[in-house]
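Enquirer: requesting a structural model of the entry that follows:
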Amino acid sequence: MKIGILLTGHRPDALQNEFSEYDAMFRDLLDGNGFTYETFAVVDGQFPKDEFQAEGWIITGSRHGAYEDHPWIPPLETLIRDIQKSGRPLIGVCFGHQIIAQALGGKVEKFKGGWAVGRTDYDYDGQTLTLNAWHQDQVVALPEGARVLGSNAFCENAMVAYGDNIWTVQAHPEYDDGFIQGLMDTRGKGVVPDDLMQAAANRLPAANDNPKIGQLMAEFLKKERA
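Expert: Here you go, the predicted model:
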């Protein structure tokens, strides 16, 4: 099965020598499922010819806001709607989660409650899942027909489904603890409150459910659909 990865941002320059690019993180997360991949750096204006160029799609995270004025955002929203109509599976993570909601009629904004950073618990279908988060923007209004699958007190719309072929998550199952620490050491300084980053650093050594979410994502992509 060929998965198209829509790259909407690049890892920070300061972390380029130590960590892989975002598309490689997803390949690692989904390793062992027999997927092949093609990356389209939409953030740089590189788009697939149409929604049929891959059998399933993933939209990555980004430092950009879904509501910002970038020339690549409107065509990405059009592609999202085309993928939805095609019935092909689509997964969105963090920015991907937000831009899908926006493209389908929801609202994204900089959350007044501040940041979520590092190891974070979510209620997902009656079970607690722990994932690494890094965001201030949130989906604050859902499109018609969206279903909330996971949430917590800070992020009401943390995991969302649209019909049978779109699944999105606000957190970052592709980020390991080292990358979160790297973000705190680089992008976080002077932006994220120090006490929040210290609390996140204290929680990092604990286990997370990245592998479990990776398997859920793989099963979603491979699921047979009418």
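Enquirer: so residue 3, which state does it fall into?
Expert: strand (DSSP: H, G, I helix; E, B strand; the rest coil).
Enquirer: got the contact list for it?
Expert: 30, 35-38, 54-58, 221 (CB atoms under 8 Å, 6 or more residues apart in numbering). All C-beta spots, glycine's among them, are computed from the backbone N, C-alpha and C.
Enquirer: at 10 Å what do you get?
Expert: 23, 26-27, 30, 33, 35-39, 54-58, 89, 91, 218, 221 (CB atoms under 10 Å, 6 or more residues apart in numbering).
Enquirer: quick check, pLDDT for it.
Expert: We have a pLDDT of 98 for residue 3.
Enquirer: could you measure from it over to residue 171?
Expert: 20 Å (CB to CB, to the nearest Å).
Enquirer: so the residue most central in space within the chain bridges to which residues?
Expert: Centroid-nearest residue in the chain, with CA atoms, centre = their mean: residue 93, separated by 1.0 Å. With DSSP bridges as the criterion, residue 93 is bridged to residue 169.
Enquirer: that older thread, what's the ChimeraX line that selects buried ones from the contacts of residue 3?
Expert: Buried residues among the contacts of residue 3 (16 or more other CB atoms under 10 Å), as a ChimeraX selection:
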select :23,26,27,30,35,37,39,54,56,57,58,89,91,218,221
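Enquirer: now, the contacts of residue 3 that are in helices?
Expert: Counted as lying in helices by DSSP state H, out of those, are 23, 26-27, 218, 221.
Enquirer: and the helix or strand bottoming out on mean pLDDT in the chain, what other elements does it pack with?
Expert: Taking mean pLDDT, DSSP states H and E as the measure, helix 194-203 is the helix or strand of the chain with the lowest mean score, a mean of 89. With contacts taken as 3 or more CB pairs under 10 Å, 6 or more residues apart in numbering; DSSP states H and E, helix 194-203 sits against strand 116-124, strand 127-135, helix 177-185.
Enquirer: for residue 10, find the nearest of these.
Expert: Smallest distance to residue 10 across the helices and strands packed on helix 194-203 (CB to CB): 13.1 Å, for helix 177-185.
Enquirer: buried ones in that closest one?
Expert: 177, 179-184.
Enquirer: using PDB, write down the CA coordinates of it.
Expert: Provided in PDB are the C-alpha atoms of helix 177-185 (Å, rounded to 0.1, in the frame of the first residue of the first chain):
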ATOM      1  CA  ASP A 177      11.100  12.000  24.100                       C
ATOM      2  CA  GLY A 178      14.400  13.200  22.700                       C
ATOM      3  CA  PHE A 179      12.700  15.300  20.000                       C
ATOM      4  CA  ILE A 180      10.400  16.900  22.600                       C
ATOM      5  CA  GLN A 181      13.400  17.700  24.700                       C
ATOM      6  CA  GLY A 182      15.100  19.200  21.600                       C
ATOM      7  CA  LEU A 183      12.000  21.400  21.000                       C
ATOM      8  CA  MET A 184      12.000  22.600  24.500                       C
ATOM      9  CA  ASP A 185      15.700  23.400  24.300                       C
END
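Enquirer: I'd like the average pLDDT over that helix.
Expert: Here the average pLDDT along helix 177-185 is 92.
Enquirer: just how off-centre is that helix within its chain?
Expert: Using CA atoms, centre = their mean, to the nearest Å, the mean C-alpha position of helix 177-185 is found 17 Å from that of the whole chain.
Enquirer: on that earlier part again, which of the ones in helices among the contacts of residue 3 sits closest to residue 111?
Expert: residue 26 (24.7 Å).
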